[in-house]
Each structure stands twice: as structure tokens, then as C-alpha cells.
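Q: Please find the sequence and the predicted model below.
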Amino acid sequence: MKFSQVLRESAEDIYQGIFEHPFVVGIGEGNLHKEAIVHYVKADFEYLNAFMNIYGIAIAKSSTREDMNYFYDKIGFVLNSEIHPHHNLCEVAGVDYEELQGYPLPPTANHYVTHMKSVAQQGSMGELIAALLPCPWTYLEIGHHLKEKYQPTEDHPFYEWITFYAKEDTASVTTELCERIDKWAENVGEEEKEKAKQAFIKSCQLEYLFWDMAYNVEEWPFSLEGVQQ
Ligand SMILES: Cc1ncc(CN)c(N)n1
């Protein structure tokens, strides 16, 4: 079995939990409350900034131009394409995208970003990819799941969001990262693979918690004034 399949199987319960999360169900049913959408976009804008930083760490760790170009290209995807689902959410919530940018990460999102950054800085390339993978992979499957279950048409409020994540070129981010981690896994021992698996599972858990954070409008309990994130 390919290593990426081992990873996916190890997180089956978390994927199912994500499909059933009220935020994800709310996207499918088209009835999310505005506060949750706004909280999600505020956190996700900063989360995706951090995600691009981590692609930058991957570039710093790369030894071939092919690898450098690969991660560079993925930064372009986040910058130029992943703004579309955010625009869809902002339209439904009736707020300007620019108004939701520059906020501190809520606790769970902060935890997720800290996890990915520390794995990226301290771990192998395989661990780095494993920590990043749940981001594109869970959304790809959410897109397919919602498309199949709700069969949204263009008048569905989250039609753009669902179809964006179910699309071929969005899928390629996951497929290519899987190919890369499978290649990496061919040349490393069990201990290295176990570390990558732990990084993957933790990111899956934090994907679930990110939805929860947005749905419950999670905030820091006290003011963050003067605190560097
Ligand atoms: C938290 C999170 N995870 C995944 C994705 C999809 N790239 C996202 N936009 N935000």
C-alpha cells in the first residue's frame, strides 16, 4: 500500500467527523450563520498566509530547481486561486473581503499554524508534506462529498465554494503532494514514516477543530493588546 493511502486510512474517523461537522453541513445546506462565516474568513486569511510561509520553508529545504519551482507554483495557487472561495463566503455574509484581513489567529488556528511551522522547521521533507497535506486533502474530499450529497446548482449560495474544492486543478495539489510523499517514503525507515504519520494525524485533528473554532466563534479569553502572535 502506498504511504499516502496509509495516511488517509489512519485518519478515516477524522474525515467522517469533518463531513458531519455543523459548519460543513451548513455549507452543504446553504444556511450558515454570518458570524461563523466572518470568523472563518478572518482566521483562514491569516492561516493561508502562514501556509505560504511554510511553502517558503519547503523552498529553503529544497535541493533541486524542480522542487523549488513546485513549491513556488503552489504559493501562486493560494494567492491567485484560493481567494475565490473566500470571495464566495464574503458575498454570502455581505461583507468586504478587505474588512476581514489582518486579524490575530484565534487559539485553534494559532495552534494549527504553530504545529505546521514547527514540523516544517524541525522535521524532514516528508514530515513537512505530511503536516501540509490535510489542508488540501480534507477540502478536496469535502468538495466531492458536498457536491454528491447536495447536488448544488448555480443558485446555491455556496456553489462557488463547493465546486472550487471539487475541481480537477484543486485536486492536483493533493495528488502531487501525495506523489511526493510516496516517493519520499520509498527511501526512509519506519521511524521516519511514523513521525510523518503523527504530523499528518495532528493536522487532520486541527482541520476538524478549525471548523469548530469558526462555528463557535472561538476567541482568546482576554485582550491580545501588546501580545505578538
Ligand atoms: C484551515 C484550512 N484548511 C484547508 C484549506 C484549503 N486549502 C483552507 N483554506 N483552510
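A: Perfect, thanks for sending it.

Q: which stretch of helix or strand covers the residue nearest the centre of the chain?
A: Compute the mean C-alpha point of the chain, and by CA atoms, centre = their mean the closest residue is residue 135, 2.5 Å away. Counting by DSSP states H and E, the element that carries residue 135 is helix 134-150.

Q: Briefly note if the next helix or strand after that helix comes near the ligand.
A: Where DSSP H and E defines the elements, the next helix or strand beyond helix 134-150 is helix 159-166. No: using CB under 6 Å from any ligand atom, helix 159-166 never reaches the ligand; the gap is at least 7.2 Å. Glycine gets a C-beta too; all of them are placed from N, C-alpha and C.

Q: contacts for helix 159-166?
A: Among residues not part of helix 159-166, those counted as contacts by CB atoms under 8 Å, 6 or more residues apart in numbering are 27-28, 81, 84-85, 87-89, 139-140, 142-144, 146-147, 150, 152-153, 156, 170.

Q: Stretch 32-47 too?
A: Contacts of stretch 32-47 (CB under 8 Å, 6+ apart): 23, 26, 86, 89-90, 92-95, 97, 100-106, 109, 112-113, 158, 210, 213-215, 217-218.

Q: quick one on the thing from earlier: for residue 90, see how far away the residue nearest to the centre of the chain is.
A: When distance is defined by CB to CB, to the nearest Å, residue 135 is 20 Å away from residue 90.

Q: Tell me what angle the longest helix seen in the chain forms with helix 134-150.
A: With secondary structure taken from DSSP state H, the chain has its longest helix at helix 34-61. Orientation of helix 34-61 against helix 134-150 (axes from the mean of the first three to the mean of the last three CA atoms, to 10 degrees) gives an angle of 140 degrees.

Q: so where's the chain uncertain?
A: Within the chain, the stretches with pLDDT under 70 are 228-229.

Q: Tell me the residues on it that lie near the ligand, please.
A: 44, 47-48, 82, 135-136, 139, 207, 210.

Q: Any buried residues in the longest helix of the chain, and which?
A: Residues of helix 34-61 classed as buried: 36-48, 50-52, 54-55, 57-59, 61 (neighbour count, 16 or more other CB atoms under 10 Å).

Q: what about the strands in the protein?
A: Listed in chain order, the strands of the chain (DSSP state E) amount to none at all.

Q: Now do residue 184 against residue 7, distance only.
A: From residue 184 over to residue 7 (counting by CB to CB), the distance is 12 Å.

Q: neighbour-wise, which of those two wins?
A: The residue with more neighbours, out of residue 184 and residue 7, is residue 7; 25 against 20, by other CB atoms under 10 Å.

Q: Wait, that one touches residue 130, no?
A: Yes: under the contact definition of CB atoms under 8 Å, residue 7 touches residue 130, with a separation of 6.7 Å.

Q: Need the overlap of contacts for those two.
A: Overlap of the contact sets of residue 7 and residue 130 (by CB under 8 Å, 6+ apart) consists of 181, 196-197, 200.

Q: Filter the residues you listed down to just the ones in helices.
A: If you go by DSSP H, the shared contacts of residue 7 and residue 130 have 181, 196-197, 200 in helices.

Q: Closest to the ligand out of those residues?
A: Closest approach to the ligand among these (CB to the nearest ligand atom): residue 200, at 13.6 Å.

Q: Leaving out chain neighbours, which residue sits closest to the closest one?
A: Spatial nearest neighbour of residue 200, chain neighbours left out: residue 130 (4.1 Å); criterion: CB to CB, 6 or more residues apart in numbering.
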